[in-house]
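Enquirer: Predicted model and sequence follow; I will ask about them next.
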Amino acid sequence: MPQQIFELVQAPNSKPATADGGVLRAMVRGDMCVGCGTCVAACPEPGAITLRGKLAVVDDALCQGHGECVRGCPVGAISVTTGSAVNRVQVPLIDDQFETNVPGLFIVGELGGRGLIKNAINEGKMAIEGVARSLPPGAVRTDGDADTVDVAIVGSGPAGLSAGLEALRCGLSYVILEQGSLSDTVRKYPRHKLLLAEPVHIPLYGDLWIADASKETLLQVWETIVANTGLQVQTQQRVETVVREDGVFRIQTPDGVHRARRVVLAMGRRGTPRRLGVPGEELAKVFYDIVEMEAFAGRRVLVVGGGDSAVESALGLANQKGTEVILSYRAQAFSRIKERNQAKLQRLIDTGRVRTMLGSTVREIRNDVAVLEYNGETTILPNDHVVIRIGGDAPFAFLERLGVRIVEKDVPLPPDQARAG
Ligand SMILES: Cc1cc2nc3c(=O)[nH]c(=O)nc-3n(C[C@H](O)[C@H](O)[C@H](O)COP(=O)(O)OP(=O)(O)OC[C@H]3O[C@@H](n4cnc5c(N)ncnc54)[C@H](O)[C@@H]3O)c2cc1C
Ligand code: SF4
């Protein structure tokens, strides 16, 4: 289950009506939906949400307002409302230049509450245009030391890369810090297709327009742009803390400290998952969240973890056609999970759709197997994917530590986009 940066309306639950008598229904924003179908797979009511072409469509008569689709949607296109056509969302407070209440700290892309690749690219570019206006390239800076860069960009997704290219184009000194590989979120899409519905301008490159291209195509485009422009991206550099001191930011990574006059956070909304720290964890078969359960149909999946998120992943996967699910947990019992999950898990264990390995520890992940320590022995499990759900650091907690104000706002949904169907 992806981490949502904002709660859409109320915590979705199985009650169809709110205290004021309003009936909860799912609504899809037609301008944001990318037609991935995650919501269709997540919805427990057959036919309540279906795909028509590239758009998810809700059938009001069948929708029970459970909200499973809200949690599943990777771009925040669905809300569950009482019909007042209003989204109540939590977002970091930013001005029209993408600057937060912390002077010099900017937030762009999905972290700011807007999904889609094109928005991320546009915002990364626009934020740096603002930075360049406040820090004229070539001007002598008296703050900081010689190693202080004009701007530090955290994240190398579409927003961070676009910001970096604009910084390069404007002649600003910069550093780009990425916790994983280049454009890690896109790289980890479980499915291959993606959509950029209209051309988007990329600094130092020009217009990019991909329709129904594969993620590999987009990654290849990014890699070519990075190689051709000489853009420097420091990968495997997780930003742990950002602190503002005397007008200059100190950005801490496991390998050291960077100093910057401005910081652009382009970290997306998936946060920083906790890792097992075992060999092979960097393989493409390893996931830290699942946005498209059906992409795992017919595969052999090892889920690692013992909390609700691990168990819910195992439950969702077990409901896919032909998927074999093994749930590995290092303790001897699932003691921390919700009763509802406990009961569902037990049913799937009893019917043989989930196998648990309690008291097991993953030692290594290889292309075609996972190696575990289980009952004092080394066990080799042939498998296709490993899903690691052992907690992590949510991006909003990171922002709050930085002093960024988070606000709630009501976003009215235009009637033509509010409910497709
Ligand atoms: C399955 C799926 C399908 C999608 N399909 C489409 C589609 O077809 N069309 C479309 O327009 N959009 C699609 N989206 C949405 C799109 O991917 C996002 O809106 C877009 O990637 C947001 O870009 P971003 O740069 O803001 O964040 P991200 O792409 O999430 O990039 C954030 C980067 O920051 C890094 N990071 C995070 N924390 C730290 C840290 N502490 N230190 C250093 N680095 C950090 C991450 O590793 C990541 O590389 C899809 C999303 C998913 C999950
Ligand atoms: S999960 Fe979101 S983006 Fe995907 S089809 Fe459903 S509404 Fe559209």
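Expert: Great, that's in hand. Predicted, not measured: the structure shown is a model, and the values here were computed from it. Numbering: from 1, shown residues only. Ligands and ions are numbered 1, 2, ... in the order given.
Enquirer: any low-confidence regions in the protein?
Expert: The chain contains residues with pLDDT under 70 at 1-22, 82-89, 190-198, 211-212, 291, 409-421.
Enquirer: At the contact with ligand 2, which residues of it appear?
Expert: The chain comes close to ligand 2 at residues 28, 33-39, 56, 72-73, 75, 77-78, as judged by C-beta under 6 Å from any ligand atom. C-beta here means a position set from N, CA and C on the backbone, and glycine is covered the same way.
Enquirer: In strands, which of those appear?
Expert: Mapping these onto strands (DSSP state E) picks out 28, 56, 78.
Enquirer: In this structure the first one contacts residue 80, no?
Expert: If I follow you right, that is residue 28. No - applying C-beta atoms under 8 Å as the test, residue 28 and residue 80 come out as separate, 10.8 Å apart.
Enquirer: Identify the contacts common to these two.
Expert: Contact criterion C-beta atoms under 8 Å, 6 or more residues apart in numbering; residues shared by residue 28 and residue 80: none found.
Enquirer: the helices in the stretch 1-150 of the chain, which residues?
Expert: Assigned by DSSP state H, counting those that start in this stretch, the stretch 1-150 of the chain shows helices spanning 38-42, 68-72, 117-134.
Enquirer: Name the residue most distant from the centre of this protein?
Expert: Largest separation from the mean C-alpha position in the chain: residue 140, at 38.4 Å (C-alpha atoms, centre = their mean).
Enquirer: ok, residue 277 - how many residues close by?
Expert: Close neighbours of residue 277, defined as other C-beta atoms under 10 Å, add up to 7.
Enquirer: One more: the one 3 residues further on?
Expert: Applying other C-beta under 10 Å, we find 18 residues neighbouring residue 280.
Enquirer: Confirm for me that it is in contact with residue 366.
Expert: Yes - using C-beta under 8 Å, residue 280 makes contact with residue 366 at a distance of 5.5 Å.
Enquirer: which ones are touching the nearest residue to residue 97 once chain neighbours are set aside?
Expert: Spatial nearest neighbour of residue 97, chain neighbours left out: residue 130 (4.1 Å); criterion: C-beta to C-beta, 6 or more residues apart in numbering. By C-beta under 8 Å, 6+ apart, the contact set of residue 130 is 97, 98, 99, 106.
Enquirer: any idea which helix or strand carries the closest residue in space to residue 105 that isn't next to it in sequence?
Expert: Among residues not flanking residue 105 along the chain, residue 263 sits closest, at 5.1 Å (C-beta to C-beta, 6+ apart). Element membership of residue 263, judged by DSSP states H and E, is strand 256-265.
Enquirer: got it, and residue 186?
Expert: Assigned by DSSP H and E, residue 186 falls in helix 184-187.
Enquirer: which helices and strands sit right next to that helix?
Expert: When contacts are defined as 3 or more C-beta pairs under 8 Å, 6 or more residues apart in numbering; DSSP states H and E, helix 184-187 sits against helix 215-229.
Enquirer: Who are the packing partners of the helix it packs on?
Expert: helix 158-170, helix 184-187, strand 193-194.
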